[in-house]
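Asker: Turn this into a structure:
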Amino acid sequence: MNSSKLIVRPSCGGYTLSETLIVLVIFVLLSGIGLNLYPSFIKGMETKIFISQLKEDIFYAQQYAISHESLIYLHMDNTNRIYTVTSYKEGVVLERSIPKDIQFLSGTLGLTFHFNQYGNASKAGTMMIDTTKGKYKLVLNIGKGRFRIEKQ
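Answerer: Below is the predicted model:
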């Protein structure tokens, strides 16, 4: 063999500079779009979590009224940004904050209602919940203490 000859082998892999730059540009574009959508996603999740927690708290208040055989009041306070579950005998049982993007609107139910010792609501009606991601309606049915929260 002649040592002065250079043997050139074909490339066995790797990427060219232009291929790497194209992938890098696509990655930067996708990450930029994702970062712009993130705050909107967080607001939507905060609303869903709040509505879910409210549903659980109303159910808790109803069960508390049954187990303690007493009147349990729920009061939505938009001014102080809290809602409370209060027992006639023991005082405040539960207090939660209301996010600043969520507003309770008085419907036929008002902003206060209570459950009796049998778990039935004091009155049937609706209460509107206004959020940045849409409106919800809290519906209390008469008898049996059934309630639901519907997206409008």
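
Asker: where are the low-confidence patches of this structure?
Answerer: Applying pLDDT under 70 to the chain picks out residues 1-4, 8-12.

Asker: what about the strands in it?
Answerer: In the chain, the strands defined using DSSP state E lie at 72-77, 82-87, 91-97, 103-105, 112-115, 125-131, 134-140, 147-151.

Asker: can you redo those as a markdown table with mean neighbour count and distance to G14?
Answerer: Every residue, glycine included, has its C-beta placed from N, CA and C. Conversion of the strands of the chain to a markdown table gives the following (neighbours: other C-beta atoms under 10 Å; distance: least, C-beta to C-beta, whole Å):
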| stretch | mean neighbour count | distance to G14 |
| --- | --- | --- |
| strand 72-77 | 20 | 64 |
| strand 82-87 | 19 | 61 |
| strand 91-97 | 13 | 56 |
| strand 103-105 | 16 | 59 |
| strand 112-115 | 21 | 70 |
| strand 125-131 | 18 | 52 |
| strand 134-140 | 17 | 51 |
| strand 147-151 | 13 | 52 |
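
Asker: Could you export the ones you listed as JSON lines, including distance to K43?
Answerer: Listed next are those as JSON lines, based on distance: least, C-beta to C-beta, whole Å:
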{"stretch": "strand 72-77", "distance to K43": "20"}
{"stretch": "strand 82-87", "distance to K43": "20"}
{"stretch": "strand 91-97", "distance to K43": "16"}
{"stretch": "strand 103-105", "distance to K43": "14"}
{"stretch": "strand 112-115", "distance to K43": "28"}
{"stretch": "strand 125-131", "distance to K43": "9"}
{"stretch": "strand 134-140", "distance to K43": "11"}
{"stretch": "strand 147-151", "distance to K43": "15"}
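
Asker: Cool, thanks, signing off.
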